[in-house]
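Enquirer: give me a model of this one.
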Amino acid sequence: MCNLYRMTKGKDEVANWFAAIEALGGANFGSEVYPGYPGAVVAEGKLTQMSWGFPLVMKGKSGQPLKPKPVNNARQDKLKSYFWRASFEERRCLIPVTAWAEAQGAKGAMTRTWMSLPDSELFACAGVWRPSDEWGNCYSMVMTDSAGPAAQVHSRMPVVLRPEDYSVWLSGSPAEAFDLCRAWNGAITIDHTDESWTRKASGAGAVSKPAQSSLF
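Expert: Numbers count the residues shown, from 1 in each chain. Next up is the predicted model:
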């Protein structure tokens with residue numbers, strides 16, 4: 001799964017990379033993106049801001065609605081389920097990424113392991129999006145079974161797309177898009193760090209921890 005990723009490129013560079021209209025305007029988001037926070041996506045020909053995670057509204061013991069939780073990962077084998085189907089068939093997007101992280105190590109002492117593509121400083125992960133009453137437009141990252149070096153870090157990984165497949169993911173048929181939901185078979189750079197999975201966010205006084213996602 002992926003509960004944290006980096007996007008460190010400027011908006012003009014990203015828009016040019018994906019041949020998209022820059023529609024971020026004055027949008028502001030961090031270079032490290034966490035579930036429930038805003039990130040940049042390419043959808044409907046525009047580079048725009050959405051919230052990472054579909055809102056999942058649950059109820060408390062007395063039936064009261066609880067604060068929505070962001071469902072930030074969509075498993076490839078669940079894309080045809082009720083929760084994801086309409087978004088997968090009608091609203092697919094590209095998620096610009098420079099690296100994604102997984103937690104490794106003993107519980108309570110987990111560190112961040114970053115993965116990226118050695119031949120590209122910027123790439124796209126497959127995503128789906130939809131409007132919501134709670135957070136406006138929101139998106140989720142599509143996950144598949146890991147293969148190669150990434151499988152040594154986690155059993156699942158984002159669906160990383162080749163540039164020649166961007167248009168198929170965005171506007172191809174659901175069957176064509178589904179065929180792209182496979183593990184990346186190219187080179188991956190793995191950076192094992194001693195950086196705590198839970199750490200103080202830059203410029204903030206509170207501890208920042210990537211949320212746990214729910215997979216449907």
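
Enquirer: remind me which residues of this structure are low pLDDT?
Expert: Within the chain, the stretches with pLDDT under 70 are 199-216.

Enquirer: how about 90 then?
Expert: 1-2, 25-30, 57-67, 104-109, 148-149, 185, 197-216 (pLDDT under 90).

Enquirer: quick one, what contacts the residue nearest the centre of it?
Expert: By C-alpha atoms, centre = their mean, the chain has its centre lying nearest to residue 141, at 3.8 Å. Neighbouring residues of residue 141 by C-beta atoms under 8 Å, 6 or more residues apart in numbering: 2, 5, 52, 72-74, 95, 125-127, 158-159. Backbone N, C-alpha and C define where each C-beta goes, glycine included.

Enquirer: how close does the closest residue in space to residue 111 that isn't next to it in sequence get to residue 193?
Expert: Nearest non-adjacent residue to residue 111, counting by C-beta to C-beta, 6 or more residues apart in numbering: residue 105, 5.1 Å away. Residue 105 is 11 Å from residue 193, where distance means C-beta to C-beta, to the nearest Å.

Enquirer: need the residues touching each of those two.
Expert: Shared contacts of residue 105 and residue 193 (C-beta under 8 Å, 6+ apart): residue 111.

Enquirer: in a strand, that's where residue 12 is, yeah?
Expert: No: read with DSSP: H, G, I helix; E, B strand; the rest coil, residue 12 is helix and lies in no strand.

Enquirer: you'd agree it is up against residue 23?
Expert: No: Residue 12 lies out of contact with residue 23 (C-beta atoms under 8 Å); the separation is 11.9 Å.

Enquirer: report how many residues lie close to the residue nearest to residue 49 when sequence neighbours are not counted.
Expert: Of all residues not flanking residue 49 in the chain, residue 27 sits nearest, at 4.1 Å (C-beta to C-beta, 6+ apart). Residues near residue 27, counting by other C-beta atoms under 10 Å, number 14.

Enquirer: those helices in this protein, which residues are they?
Expert: Taking DSSP state H as the test, the helices found in the chain are 11-17, 85-90, 166-171, 174-178.

Enquirer: got a markdown table for these, with mean neighbour count and distance to residue 109 too?
Expert: Converted to a markdown table, the helices of the chain look like this (neighbours: other C-beta atoms under 10 Å; distance: least, C-beta to C-beta, whole Å):
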| stretch | mean neighbour count | distance to residue 109 |
| --- | --- | --- |
| helix 11-17 | 16 | 35 |
| helix 85-90 | 16 | 37 |
| helix 166-171 | 16 | 37 |
| helix 174-178 | 14 | 38 |
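
Enquirer: dump these into a markdown table; add distance to residue 42 as well.
Expert: Rendered in a markdown table, the data for the helices of the chain read as follows (distance: least, C-beta to C-beta, whole Å):
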| stretch | distance to residue 42 |
| --- | --- |
| helix 11-17 | 8 |
| helix 85-90 | 15 |
| helix 166-171 | 8 |
| helix 174-178 | 15 |
